[in-house]
Structure formats: structure tokens, C-alpha cells
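**Student:** Show me how the following folds:
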Amino acid sequence: LLKIVFIELSRLKNIEIFALQRESGNPESIQNDKIRAGISGHLPDFSEWQNLKQLYLGSNNLTGSIPPSFLNGVLDKSLPIKVDLTLNKLHGTIPSELSRFEHMQLYLAGNHIEDMGDDICNMRKWMNDGVHKYGCDAILCPPNTYNEYGRQSKAETPCHACVEPTTASFYGSVECTTGPVVEWDEKSVLLRLYDTTNGNNWINNTGWGDSHVSLCDWYGIKCLLDGITGPLANSVNNRIAKIQLGSNGLEGSIPTDIFQLPSLQVLDFHDNKVDFSFEGIGSASQLDELNLDKTNLRSLEGVGNAPSMLTALHLQWNDFGGSTISDEIFSLVGLKHLFLSESRLSGPLPASIGNLANLEEFYCSHNDLWGQIPSAIGKLTKLHTLDLSRNNFVGE
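**Tutor:** Purely as a prediction, here's the structure:
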């Protein structure tokens, strides 16, 4: 709805005040404003409005992150500007690009903000000089702190530390909770994946970002308790188990915090134009299967840190630029299924393949491997499928 409205309103080049909030619009008193529906969808950048001075979108259901181009069309960025986005479902980082505004009042309490960009906390004139007086707290209380405004607005209203076992996972919390914060933490990871891989243009993005749809019902997502009904299905223990988005038109980079999902078992991005890094993969302690066939994967650095639970590794139809097979792969002693065919690999097949005592399938055809097949391969007594065809092996 907001996107449609904005497309029409973007023609109003002289608009100075735009209000579509659902409550009083008073960002200084929000603790009791918890019931919200309103407009939903990703936050537009409003870059067409050159003279905007005040924007009120509080108490809605806006999702996604704040675009780096947000309000970039405003001509005079030295003038005061007020933006109220309180009590939505925005996530991610306050972009450093907003530091181009000298006198901004930015109200973001009650969202799922995870960080502040460089220079944001140096904008001393922001929040009516509040940043000069109270630092970053004038914009948002940091994680594990809170107050009723989600920020420090005066000396008498500092951000208070949460007392265990309560927590506040995000910037700008108005209370500490003991409730199920895990789902929102996991949802933030998924929304970041959506943003960094051009989710609006996926082939199928059913349910993604819809506040009325459980993340377990988003396309390609499976949770631990899928198929179970009743209160248990909605419990904090119903965590993400599988992300299966193969052949779905993803483009961009997979965020490495995806490995922080504590119950992740299957990760499948095959046949997508995505960059991928193995940084942090050791945190995915339950990961059993990783499918990166036919992606933009160029390096295997860090793959050796994968958890011992990993049994299936799909790396076919990639371009490793003629490099040798990384020894890191052969440290993954839990592997049962290894796929490396047609990936521009060269050099000899390392004797360290003998380390993979649990290997049952090994596909490594259509590469440029040469030399003799190492005798260590005879140690793989569980191996039932071995495909080394279309290489340059020699021997008698």
C-alpha cells in the first residue's frame, strides 16, 4: 500500500509535511502504544521529495531496513528535518549516509534496529542538540538497556540497564522482556537475507516480511516443529531448521550472520547468483547439508571450520579458477556426500582424501585434475559412488 501511495505522491515535488501515522504522532510517549496494524511493506526512500521537513509514519507495520538513499532528494540538508518511524518493524543499521543531514530528529524506538552507521553518533546537532548532551543514547538506547521513550531525551530519563533474566535485543527498546525474543532475532536474519539478495525480485517470496505470516510459513523456510499444531508450534523452541531457496532468482550476497541461526540444519542456495563466505560457519553447530551448486562461489577459504555435523557438501558448477582442491575440505571428517564436479579445479587429488572415512559419494568429474589417483582412496570403505571421469589422471 505504501509503495502505491508513494508512487502517486512522489509527483508532489513541493510537499513539506507528510503524515500517515496511526496514533498521536508523539514520539516522546510510546510505551503504551503497542497495538498496531496500519500500512505494511518495505520503507520507501522518499527520494523524490525535495522540500520535505517532517515525515510521520509511526505505529505502522513497515519492514525492511532504512535505505542508504533515504530522503536523498532533499535539497537543503542543513535545515532541520523531523522523521518519526517509531513502533514499526524496521531492522538493520541506521545508514551512515543520514549524516548528510545536519539537524535531524530521527525517532526509531520500538523497531528492531541492530546497529548505527559510522558518524551517526557524531552528529552533535541531531535530536535538538541531544546527541551533544547524551551521545548515542539521545538517538536510541543501546541493546540491553531501555526507557519508556526508547532514547534519552533529558537528564532525568537515562537509559536503564536490563536486569537478568530480562533482555532488550535491539536499539531503542521501551522495555526489557523475558519473552521469546529468539523468533525476532531469527526474523531479523531472514529479513537481512531478503534485503541483501534483492528479495523483491525473487521468483517466489511468498510470506516474506508479512507481519501476519509466521516466519515458518515464509517460502523456503522450514522450522523444527513443522507439522505440529497447537501451542507448541508457536513456542520459542520452534526455530528455523531449513532454508531452501534454490533456483529462486536470488542476486547479491548471503549475510554471514545466517550461521548464527542456532538450529539450522539445511542451507540451500543452489542455482542463484549469490556470493558466499564461509566466515562464521562454525557457529552453525547443527548444519547437516550445505548446497552451493551453481552460485558465484569463488573461494573455499574457511570451509574447514564447518561443524562436524556436516554430512553433505554441494559445490558443483562453480568457478574456482583452476585452483587445487582445498585441504580444508578433507578435514570435514563427517562428510558422507561430496560434490565437486565441473568447478574448474586442477592439480592432483590429495592423499588427504583418505581422511574422509565416512564418505559414501564423491563426484569430481569434468575438472582438470591430473596425476595418479592416490592409494589413500582405498581407505574409504563406505564409498559406493565415485565419479572422477573427464579429468587427466594417469597410472597403470
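**Student:** what stretches of the protein score poorly on pLDDT?
**Tutor:** Low-confidence segments of the chain (pLDDT under 70): 1-8, 23-37, 178-184, 226-238, 396.
**Student:** Mind checking which residue lies nearest the centre of it?
**Tutor:** Nearest to the mean C-alpha position of the chain, counting by C-alpha atoms, centre = their mean, stands R192 at 2.8 Å.
**Student:** helix, strand or coil for it?
**Tutor:** helix (DSSP: H, G, I helix; E, B strand; the rest coil).
**Student:** so it makes contact with T93?
**Tutor:** No: checked against C-beta atoms under 8 Å, the pair R192 and T93 is beyond contact range at 9.7 Å. Placement of C-beta: from N, CA and C, glycine included.
**Student:** what residues are shared contacts of those two?
**Tutor:** Each of S65 lies in contact with both R192 and T93 under the rule C-beta atoms under 8 Å, 6 or more residues apart in numbering.
**Student:** related to what we said a few turns ago, list the residues that contact the closest residue to the residue nearest to the centre of the chain other than its chain neighbours.
**Tutor:** Nearest residue to R192, sequence neighbours excluded (C-beta to C-beta, 6 or more residues apart in numbering): P255, at 4.9 Å. For P255, the contact set (C-beta under 8 Å, 6+ apart) comprises 189, 192-193, 196.
**Student:** For my notes, please list those in CSV and give distance to G38 for each entry.
**Tutor:** Listed next are those as CSV, based on distance: C-beta to C-beta, whole Å:
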residue, distance to G38
V189, 25
R192, 23
L193, 25
T196, 26
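**Student:** Let me know the closest of those to L215.
**Tutor:** V189 (9.8 Å; C-beta to C-beta).
**Student:** Hmm, P262 and that closest one touching each other?
**Tutor:** No: between V189 and P262 there is no contact under C-beta under 8 Å: 10.7 Å.
**Student:** Name the residue in the two with the higher neighbour count.
**Tutor:** For V189 versus P262, neighbours defined as other C-beta atoms under 10 Å are more numerous around V189 (21 against 14).
**Student:** Secondary structure element for the more buried one, which one?
**Tutor:** According to DSSP states H and E, V189 maps onto helix 182-196.
**Student:** On the C-terminal side of that helix, identify the next helix or strand.
**Tutor:** strand 221-223.
**Student:** Test of understanding: give the bridge partners of D275.
**Tutor:** For D275, the residues forming beta bridges with it (DSSP bridges) are S253.
**Student:** Show the contacting residues for it.
**Tutor:** 252-254, 295-298.
**Student:** Roughly how far does it sit from T166?
**Tutor:** According to C-beta to C-beta, to the nearest Å, D275 and T166 sit 38 Å apart.
**Student:** likewise K13?
**Tutor:** Counting by C-beta to C-beta - K13 and T166 are separated by 47 Å.
**Student:** Looking at the two, which has the bigger crowd around it?
**Tutor:** The residue with more neighbours, out of K13 and T166, is T166; 15 against 10, by other C-beta under 10 Å.
**Student:** I'd guessed the more buried one sits against C176; true?
**Tutor:** Yes: the pair T166 and C176 passes the contact test of C-beta under 8 Å, sitting 3.6 Å apart.
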